[in-house]
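1. Would you be able to build a 3D model of this:
(4 chains)
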2 protein chains.
Amino acid sequence: MEPVDPSRRPGRPLSFDRDAALREAMLVFWRHGYETSSVADLTAAMGITTPSLYTAFGDKKQLFLEAVRLYAGDPAAISAVVAAAPTAHAAAHDLLHAAARAYTGMTTPRGCLLASATATGSVASADVQRTVADVRHNVQGALRDRIERDISEHVLPRETDPEGLSGMVMAVMQGLSVMARDGGDRASLLAIVSVALRAWPSQPAG
Amino acid sequence: MEPVDPSRRPGRPLSFDRDAALREAMLVFWRHGYETSSVADLTAAMGITTPSLYTAFGDKKQLFLEAVRLYAGDPAAISAVVAAAPTAHAAAHDLLHAAARAYTGMTTPRGCLLASATATGSVASADVQRTVADVRHNVQGALRDRIERDISEHVLPRETDPEGLSGMVMAVMQGLSVMARDGGDRASLLAIVSVALRAWPSQPAG
DNA sequence: AGGCTTTCATAGCGGTTACTACGAAACCCA
DNA sequence: TGGGTTTCGTAGTAACCGCTATGAAAGCCT
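-> Numbers count the residues shown, from 1 in each chain, chains lettered A, B, ... in the order given. Predicted structure coming up:
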């Protein structure tokens, strides 16, 4: 079976950089949210016309889902990074620090695309909200698994609550997005992370 | 000066219960957000026609701001409750428990109206977002002041970071709203609160 | 009763929404 | 060079957006 070269398929080729356009669309969704970003906003930022958007990406919903994948990366990769961390504490530390930095980037909008884009929800976008929620559940699941491993390996005390502890980290992550949107700078977000990590159970004696 | 009885002013009286209609509008905003709630959605839930909404509430933005006041209550009252708490820890505990309960009520939408309604933001609603952010800043300011008082009264250690600690509580509060929207039940939210409060500095010896 | 004021229901305003029909243009292949 | 396939720009679709003009109706006043 010859692999098909997608750059050599019949018909008139795309006249724009699809990846670059997708990245611009991601930034629009990041800044304005899903339902509050109009197709006109998107095409203006992407530098293309409306029919070009629809032929290249399907429709607004599929474009958003592609933007989410570009933003969040491969779900399996996230889980792998968390699982490979030396300790659950290190994983939580890295997750929160990365969030604090990502939410206060100089060249990107404030806050988290996932949190900003779908906090508001009409019934028509329920499936979009579920997709975004799945990304969060995936991260929390990986962290919870890592915590449970630390418990079984006696790195964390036996009475540690994996669900509550991983949930607290996720809650702080989501909260950081709101703080960043409200104008919080990177230093204040990192201070919050520092305080939150003090809730981590100390390893048992022995 | 005779106080004017507002129920006895000239002209045809309102044919509906203004407070009840406002409460229904609040629930719509709570569930669907500010920009994603249409005037048609609102009038349907309020049981009134479009002109009645505009004569009674001004426009959609003013209606939302009234709904925010109904939801959040008097800003000064919140500050007073936090200030009157026996300790800053008690204030944080009460705030987080109240949030966990409010976000998972059986007769109200999931999550926090303030967090849900304005997380997404077009440029046209920037002032609405600022108003909502002010409510959050008010709560955090009250909590930060209470923490500083505990420090000066040697209830909290001298090295406590009031900004970071109050910010962590606020971040968890906002995060709880996202967790509730994603389907988290009251018990799991309270477990997160319990874990987060373990980050509270222990009182210094003596 | 008559005048004044305000809200009522009907209907519709201009503008924006996501999305698409249409014909021309640009590529590959034979 | 001509056929097949796909994207291009232009233009426009029906539906919805927040909001309002209009005249009738309902209240208080003298």
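2. okay, CA-based contacts and neighbour counts for the rest of this
-> OK.
3. Can you tell me the centre-most residue of chain A?
-> Centroid-nearest residue in chain A, with Cα atoms, centre = their mean: A:Ala72, separated by 4.0 Å.
4. Apart from its chain neighbours, what residue comes closest to that residue?
-> A:Val135 (7.8 Å; Cα to Cα, 6 or more residues apart in numbering or on different chains).
5. Read off the pLDDT value for the one you found.
-> What the model reports as pLDDT for A:Val135 is 96.
6. now A:Ala119
-> Note for A:Ala119: predicted pLDDT of 80.
7. now swap in A:Gly206 and tell me
-> For A:Gly206, the predicted pLDDT is 47.
8. and whichever strand or helix holds A:Asp127, what does it pack onto?
-> Element membership of A:Asp127, judged by DSSP states H and E, is helix A:126-152. The contact analysis (3 or more Cα pairs under 8 Å, 6 or more residues apart in numbering or on different chains; DSSP states H and E) places helix A:126-152 against helix A:60-72, helix A:75-84, helix A:88-102, helix A:113-118, helix A:162-181.
9. And A:Thr50, how far from chain B?
-> 20 Å (Cα to the nearest Cα, to the nearest Å).
10. now do A:Ala91
-> 17 Å.
11. residue contacts, that residue?
-> Taking Cα atoms under 8 Å, 6 or more residues apart in numbering or on different chains as the contact definition, A:Ala91 lies against A:Val81, A:Val82, A:Ala83, A:Ala85, A:Leu143.
12. just curious, which of these is nearest to chain B?
-> Using Cα to the nearest Cα, A:Leu143 is the member of the contacts of A:Ala91 that lies nearest chain B, at 14.3 Å.
13. who's in contact with A:Arg110?
-> Per Cα under 8 Å, 6+ apart, neighbours of A:Arg110: A:Arg31, A:Tyr103, A:Thr104, A:Ser177, A:Ala180, A:Arg181.
14. Of those - the most surrounded one?
-> Across these, neighbour numbers were computed from other Cα atoms under 10 Å in any protein chain shown; A:Ser177 holds the maximum, 28 neighbours.
15. From what I see, it and A:Tyr103 are in contact.
-> Yes. Between A:Ser177 and A:Tyr103 a contact is recorded at 6.2 Å, counting by Cα atoms under 8 Å.
16. Spell out which residues are contacts of both of those two.
-> In contact with both A:Ser177 and A:Tyr103: A:Arg110, A:Gly111, A:Cys112, using Cα under 8 Å, 6+ apart.
17. quick one on the thing from earlier: can the helix holding A:Asp127 be found next to DNA strand C?
-> No. If you take Cα under 7 Å from any atom of the strand as the test, helix A:126-152 misses DNA strand C, and the best it gets is 12.7 Å.
18. between that helix and helix A:88-102, how many degrees?
-> Relative orientation of helix A:126-152 versus helix A:88-102 (axes from the mean of the first three to the mean of the last three Cα atoms, to 10 degrees): 140 degrees.
19. Quick one: end-to-end distance for stretch A:178-196.
-> 16 Å (Cα to Cα, to the nearest Å).
20. ok, and does that stretch reach over to chain B?
-> Yes. For stretch A:178-196, a contact with chain B is found by Cα under 8 Å from any Cα of the partner chain, at A:Val178, A:Met179, A:Asp182, A:Ser188, A:Leu189, A:Ala191, A:Ile192, A:Val193, A:Ser194, A:Val195, A:Ala196.
21. buried stuff in that stretch?
-> A:178-182, A:184-186, A:188-196 (16 or more other Cα atoms under 10 Å in any protein chain shown).
22. Also stretch A:151-160?
-> Quick answer for stretch A:151-160 (16+ other Cα under 10 Å): A:Ile151, A:Val155, A:Leu156, A:Pro157, A:Thr160.
23. Now the third one. Nearest residue, chain neighbours left out?
-> For A:Leu156, the nearest residue in space outside its immediate sequence neighbours is A:Gln203; the separation is 4.9 Å by Cα to Cα, 6+ apart.
24. so who does that neighbour touch?
-> Counting by Cα under 8 Å, 6+ apart, A:Gln203 has contacts A:His154, A:Val155, A:Leu156, A:Pro157.
25. swap in A:His89?
-> Residues in contact with A:His89 (Cα under 8 Å, 6+ apart) are A:Trp200.
26. now A:Val68
-> A:Met26, A:Leu113, A:Leu114, A:Val132.
27. just A:Pro10 next, same as before
-> A:Pro10 touches nothing, counting by Cα under 8 Å, 6+ apart.
28. interface residues of chain A facing DNA strand C?
-> A:8-13, A:35-40, A:50-51, A:54, A:59-61.
29. Type out the PyMOL command that picks the buried ones from those.
-> The buried residues among the residues of chain A next to DNA strand C can be selected in PyMOL (16+ other Cα under 10 Å) with this line:
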select buried, chain A and resi 35+36+37+38+39+60
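30. so what secondary structure elements neighbour the lowest-mean-pLDDT helix or strand in chain A?
-> Every helix and strand in chain A was compared by mean pLDDT, DSSP states H and E; the lowest is helix A:113-118, with a mean of 88. Helix A:113-118 is packed against helix A:18-32, helix A:60-72, helix A:126-152, helix A:162-181, with contacts defined by 3+ Cα pairs under 8 Å, 6+ apart.
31. how near is the residue of chain A found nearest DNA strand C to chain B?
-> Closest residue of chain A to DNA strand C, Cα to the nearest atom of the strand: A:Ser38 (3.1 Å). According to Cα to the nearest Cα, A:Ser38 and chain B sit 10 Å apart.
32. Do me a favour and get the backbone dihedrals for that residue.
-> Dihedral pair for A:Ser38: phi -90, psi 160, per degrees, to the nearest 10.
33. Same question for A:Ala119.
-> Per degrees, to the nearest 10, the backbone of A:Ala119 is at phi -70, psi -40.
34. Give the closest residue to it in space, chain neighbours not counted.
-> B:Ser116 (5.0 Å).
35. A:His97 versus the one you found, what's the distance?
-> Per Cα to Cα, B:Ser116 is found 24 Å from A:His97.
36. Those two: which has the busier surroundings?
-> B:Ser116 (26 against 18).
37. Contact partners for that one?
-> A:Ala119, A:Thr120, B:Trp30, B:Arg31, B:His32, B:Gly33, B:Ser177.
38. Run a quick neighbour tally on the second one.
-> Translated: A:Thr120. 31.
39. Go ahead and list the helix or strand containing it.
-> Counting by DSSP H and E, A:Thr120 is part of no helix or strand.
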